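Visitor: Please find the sequence and the predicted model below.
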Amino acid sequence: MADMAELKRKREAWFAQRAAAQERERVLQEEGGAAVDEAVHARSEDDPSPAMGVLSLSDSDVLDRITERLTSKLKEELRSEVRREEQEVSRKNIQDSKKMEGWLAGELEQTTCPICYEIMQPPQHTPTLLFPCGHTFCAQCISSHIKANHRHTCPYCRKKIESQAPNMILQQLIDGFAERKKEAAACLDREGKFLAVSGG
């Protein structure tokens, strides 16, 4: 088992060295460094001439080129990854917005008047709470009901209406839901435009 691990480690090291050597050769060929290499190999060992300087300069250039290539590859990979993540976040935001819109629509349906089925929003459809039964209808419908039937009773349970008042808590909830629905629609619109521009 240990022999297999050692063999695998040596193989990976050999592949890494081979890849580095191939990259160096590629850079040398692109930069015309093949001629410098030949000049260095042709010099004698007794002659520490300028060729040694050329070799170290060549090695430095090779290292710079390899570093530039690796840097540009990493930058492009990072840009690509950031684009993918932005698109994923945008898609998730759109899905969340759609879920929120569905939830808000369900909630807003529960805030409709049981007579006219309109959302109870001012001025005509202000939610009006009846006392003592506690049922809520829009102001327009309760007023029409009282005038049409000449009775001061709840349209739902028929109990006598002793008083009525604007249902401020329900009004605040309705206003909040309506505002969130507008925000969700705006967010969905922005995300759709972003995806169209980014090609997602």
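Guide: Cool, the structure landed. Residues are numbered from 1 along each chain as shown.
Visitor: and His152, backbone torsions?
Guide: Main-chain torsions, His152, degrees, to the nearest 10: phi -100, psi 60.
Visitor: So what's the residue count around it?
Guide: For His152, the count of nearby residues is 12 (other CB atoms under 10 Å). Quick note: C-beta positions are derived from backbone N, CA and C, even for glycine.
Visitor: wouldn't it be in contact with Lys159 here?
Guide: No - counting by CB atoms under 8 Å, His152 does not reach Lys159; the two are 10.1 Å apart.
Visitor: ok, now which ones touch Asn167?
Guide: Met120, Pro127, Thr128, Leu129, Thr136 (CB atoms under 8 Å, 6 or more residues apart in numbering).
Visitor: for the residues you listed, which one is nearest Cys187?
Guide: Using CB to CB, Met120 is the member of those that sits closest to Cys187, with 25.4 Å.
Visitor: pLDDT value on the residue nearest to that closest one when sequence neighbours are not counted, please?
Guide: Using CB to CB, 6 or more residues apart in numbering and skipping the chain neighbours, the partner closest in space to Met120 is Pro127 (4.0 Å). pLDDT for Pro127: 92.
Visitor: Over to the one 5 residues further on?
Guide: Looking at Pro132, its pLDDT stands at 95.
Visitor: Which helix runs longest in the chain?
Guide: Counting residues, the longest helix found in the chain (DSSP state H) is helix 50-110.
Visitor: by contact count, what packs against that one?
Guide: Helices and strands touching helix 50-110, by 3 or more CB pairs under 8 Å, 6 or more residues apart in numbering; DSSP states H and E, are helix 2-30, helix 33-42, helix 168-198.
Visitor: What distance do you get for Ile169 to Met100?
Guide: 22 Å (CB to CB, to the nearest Å).
Visitor: quick one: which of these two has more around it?
Guide: A count of neighbours by other CB under 10 Å puts Met100 above the other of Ile169 and Met100, at 17 against 11.
Visitor: residues in contact with that one?
Guide: Applying CB under 8 Å, 6+ apart, the residues contacting Met100 are Arg180, Ala184.
Visitor: Any figure for the gap between it and Leu78?
Guide: Met100 sits 32 Å away from Leu78, taking CB to CB as the criterion.
Visitor: hang on, the earlier thing: kindly reformat the helices and strands packed on helix 50-110 as JSON lines and extend each row with distance to Ser60 and mean pLDDT.
Guide: Compiled in JSON lines, the helices and strands packed on helix 50-110 are given as follows (distance: least, CB to CB, whole Å; pLDDT from 0 to 100):
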{"stretch": "helix 2-30", "distance to Ser60": "12", "mean pLDDT": "81"}
{"stretch": "helix 33-42", "distance to Ser60": "11", "mean pLDDT": "49"}
{"stretch": "helix 168-198", "distance to Ser60": "40", "mean pLDDT": "75"}
